[in-house]
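S.K.: Predicted structure and sequence below. I'll ask about it afterward.
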Amino acid sequence: MIIDKRLEPVPRPPNPHLDLLRRVSIFAHLDEATLLDLLRRMSIRRWHGGSIVMGQSEPGDALYIQVTGRAKVVLFGENGREMILSVLGPGDFFGEMSLFDGKPRSANVVAIDDITLLVLEREAFLAHLARSPRTALTLLREMADRLRRANEIINNLALHDVTSRLTRTLFTIAAESGERREDGILIRQRPTQQDLANMVGTCRETVSRALSSMARRGLVVSRGRSLLLSRALIDGRQQAA
């Protein structure tokens, strides 16, 4: 009896970075050949949590695409206080503004976790834009969205009290990573109180008091590192809109 010991061919696993580029908003329209060409021009770099990936006022020489981990875009005040502009995760990108105007970086990017990034140098990125006008158009749309979000932050700081700013920030986080449930929206990994304070432009103690007040009114429910935005809070926001 002859036993055929030949193995079935194993499908080649997809390039994980190729799949990631397909999810990056400014590259999602590109065909596979173009994406592979971009990947060949990229390097892979890693930073430990707490490291400054990109410093404000540094020259802009590359576009960064996040592969793993989280990072935060922050401004540092003279007294050492942080203002968190956004939190980035896999598929997000940063560093594009300085590539266009040649001016220094406008903000700091700090690794929250150990992170891995794809790095596309300035010359390669600009050469790609020259060949792919559609990428330039999608990038302009993304930059317009970021400008709108920056305007919302300015408006939030100027016109709203701490509880209102905190509520808006929690809904922003919920829209990005929340899990909708019958009893509300669950944020499984909420930022620390200090990070929330940095996002809303106040101190940790003030955020702690605001969260406690919201919890007493049944607007939020704290469950370890998770936070539930209750139906009462959601309905109240919808009625106020």
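M.R.: Perfect, thanks for sending it. This one's a predicted model, so the numbers in the text were calculated from it and none came from an experiment. Numbers count the residues shown, from 1 in each chain.

S.K.: CA atoms for contacts and neighbours, from now on please.
M.R.: Will do.

S.K.: how about the most centrally placed residue in the chain, what does it touch?
M.R.: Residue closest to the mean C-alpha point of the chain, counted by C-alpha atoms, centre = their mean, is Leu88 at 2.1 Å. With contact taken as C-alpha atoms under 8 Å, 6 or more residues apart in numbering, Leu88 is in contact with 66, 70-73.

S.K.: Flag the shaky bits of this protein, pLDDT-wise.
M.R.: Counting by pLDDT under 70, the chain contains low-confidence residues at 1-14, 240-241.

S.K.: possible to save the contacts of Leu88 as CSV with neighbour count and distance to Thr163?
M.R.: Rendered in CSV, the data for the contacts of Leu88 read as follows (neighbours: other C-alpha atoms under 10 Å; distance: C-alpha to C-alpha, whole Å):
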residue, neighbour count, distance to Thr163
Gln66, 23, 32
Arg70, 19, 26
Ala71, 25, 25
Lys72, 21, 22
Val73, 21, 23
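
S.K.: Show me which of those residues is closest to Leu117.
M.R.: Gln66 (4.6 Å; C-alpha to C-alpha).

S.K.: Double-check that closest one against Leu120; I have them as touching.
M.R.: No. Contact criterion C-alpha atoms under 8 Å: Gln66 and Leu120 do not qualify, at 11.5 Å.

S.K.: If the residue lying closest to the residue nearest to the centre of the chain once chain neighbours are set aside is in a bridge, with which residues?
M.R.: Excluding its sequence neighbours, the residue lying closest to Leu88 (C-alpha to C-alpha, 6 or more residues apart in numbering) is Ala71, at 5.1 Å. For Ala71, the beta-bridge partners under DSSP bridges are Leu88, Ala111.

S.K.: show me what contacts Ala71?
M.R.: Ala71 neighbours (C-alpha under 8 Å, 6+ apart): 87-89, 109-113, 115.
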